[in-house]
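S.K.: Let's see this in three dimensions:
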Amino acid sequence: MSELQQRIESAAKLRLQAEQLVADPAYSTEELSQLLQQLQQLLQLPAVEPTADFAAYLQDNLDWLQALMAKMASEKEAIATSMLELQRGKKAKRSYGQNN
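M.R.: Numbers count the residues shown, from 1 in each chain. Here you go, the predicted structure:
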């Protein structure tokens with residue numbers, strides 16, 4: 001097995017672990033951070049021989065990271081919206097209680 005193939009498989013394992021982790025709504029951000037740091041270290045290893053395959057490997061992982069970041073940004077926005085609605089509800093309840 002070539003070094004590139006080993007890197008591809010290692011990256012795929014780390015991505016799968018990260019995907020499984022974020023599938024749980026209460027995932028550990030610390031654990032995700034560790035997985036992503038491991039992936040970053042793997043991707044930053046210099047190419048033994050820069051080839052189109054190596055470039056494709058890097059691009060695939062970049063695409064995956066961008067998709068993960070977009071998903072997390074969307075989830076963050078949804079949580080922020082829910083929290084804002086809860087705060088508005090609490091304000092309305094307090095205001096109603098004070099006026100009655």
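S.K.: what's Ser2 sitting at in phi/psi?
M.R.: With angles defined as degrees, to the nearest 10, Ser2 sits at phi -70, psi 160.
S.K.: Look up how far Met72 lies from it.
M.R.: Applying Cβ to Cβ, to the nearest Å, the value for Ser2 to Met72 is 33 Å. C-beta: built from backbone N, CA, C; applies to glycine.
S.K.: Would you mind telling me which of these two has the busier surroundings?
M.R.: Comparing Ser2 with Met72 by other Cβ atoms under 10 Å, the one with more neighbours is Met72, at 13 against 10.
S.K.: ok, now which ones touch the closest residue to the more buried one other than its chain neighbours?
M.R.: Leaving aside its chain neighbours, Met72 sits nearest to Val22 (7.3 Å; criterion: Cβ to Cβ, 6 or more residues apart in numbering). For Val22, the contact set (Cβ atoms under 8 Å, 6 or more residues apart in numbering) comprises Leu32, Leu68, Lys71, Met72.
S.K.: Look at the nearest residue to the third one once chain neighbours are set aside and report its pLDDT.
M.R.: In this case it means Lys71. Distances taken as Cβ to Cβ, 6+ apart place Val22 nearest to Lys71, at 7.4 Å, with adjacent residues excluded. Here, the pLDDT recorded for Val22 equals 90.
S.K.: ok, and the residue nearest the centre of the chain, which helix or strand is that part of?
M.R.: Residue closest to the mean C-alpha point of the chain, counted by Cα atoms, centre = their mean, is Leu68 at 4.3 Å. If you go by DSSP states H and E, Leu68 is part of helix 52-99.
S.K.: what distance separates that helix from the middle of the whole chain?
M.R.: Put simply, helix 52-99 sits 11 Å off its chain's centre (Cα atoms, centre = their mean, to the nearest Å).
S.K.: by contact count, what packs against it?
M.R.: helix 3-22, helix 29-43 (3 or more Cβ pairs under 8 Å, 6 or more residues apart in numbering; DSSP states H and E).
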